[in-house]
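**Student:** sharing a model prediction with you, sequence too.
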Amino acid sequence: CTPDKTIVISVVNHGMQDVLDTQLKSLQYSAPSILGMWVVVALDESSLADCKRNWIHCVMDPVFSNEHAMETEHTFSSDAEGKYQYVRICWRRVEIVSLALRLGLNVIFTDIDIVWLKDP
């Protein structure tokens with residue numbers, strides 16, 4: 001968080017860990033000042049461990065637990081369970097941003113598949 005209470009939030013699950021690595025590299029190269037503001041919300045233990053291994057500021061989402069985390073085979077599948085999990089994650093991201101705003105933080109939300117080309 002910066003002195004003006006700005007935070008950059010991303011949400012990740014184990015199906016997106018490779019993409020998280022790409023975003024981290026783009027931030028390191030193009031927008032290193034963002035790294036101090038960036039918080040990744042992990043939806044499962046595997047993502048949390050990966051974040052910590054890459055020295056990213058990371059917290060575990062208390063709403064999602066291992067038994068409710070999105071299964072890899074449903075990450076982008078078109079079956080009913082995959083669609084349900086995708087919608088749950090989309091709404092959870094909105095809830096996370098809403099919580100940060102209610103705490104008085106200025107929020108920049110970035111999807112995990114975004115590559116930063118320069119510091120905003």
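**Tutor:** Structure received. Numbers count the residues shown, from 1 in each chain.
**Student:** I'd like to know which elements the longest strand seen in the chain is packed against.
**Tutor:** In the chain, with assignment by DSSP state E, the single longest strand is strand 6-12. Judged by 3 or more C-beta pairs under 8 Å, 6 or more residues apart in numbering; DSSP states H and E, strand 6-12 is in contact with helix 17-30, strand 38-42, helix 45-53, helix 80-102, strand 106-109. (C-beta placed from N, C-alpha, C; glycine too.)
**Student:** now do 6 Å
**Tutor:** Contacting strand 6-12 under the criterion 3 or more C-beta pairs under 6 Å, 6 or more residues apart in numbering; DSSP states H and E are the following elements: strand 38-42, strand 106-109.
**Student:** off-centre distance for that strand?
**Tutor:** Relative to the chain's own centre, strand 6-12 is displaced by 6 Å; criterion: C-alpha atoms, centre = their mean, to the nearest Å.
**Student:** can you pull the pLDDT of the residue lying closest to residue 48 once chain neighbours are set aside?
**Tutor:** Sequence neighbours aside, residue 42 is the residue nearest to residue 48 in space, at 4.0 Å (criterion: C-beta to C-beta, 6 or more residues apart in numbering). Per-residue confidence at residue 42 stands at 89 (pLDDT).
**Student:** list the contacts for residue 42?
**Tutor:** Residues near residue 42 by C-beta atoms under 6 Å, 6 or more residues apart in numbering: 12, 48, 51, 58, 60.
**Student:** tell me how far residue 46 lies from residue 3.
**Tutor:** 34 Å (C-beta to C-beta, to the nearest Å).
**Student:** ok, back up a step: nearest to residue 110, of the contacts of residue 42?
**Tutor:** residue 12 (11.1 Å; C-beta to C-beta).
**Student:** need the helices and strands packed on strand 6-12 in CSV (columns: distance to residue 7).
**Tutor:** Output for the helices and strands packed on strand 6-12, formatted as CSV (distance: least, C-beta to C-beta, whole Å):
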stretch, distance to residue 7
strand 38-42, 6
strand 106-109, 6
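**Student:** of those, which is nearest residue 115?
**Tutor:** Of all the helices and strands packed on strand 6-12, strand 38-42 comes closest under C-beta to C-beta, at 13.9 Å.
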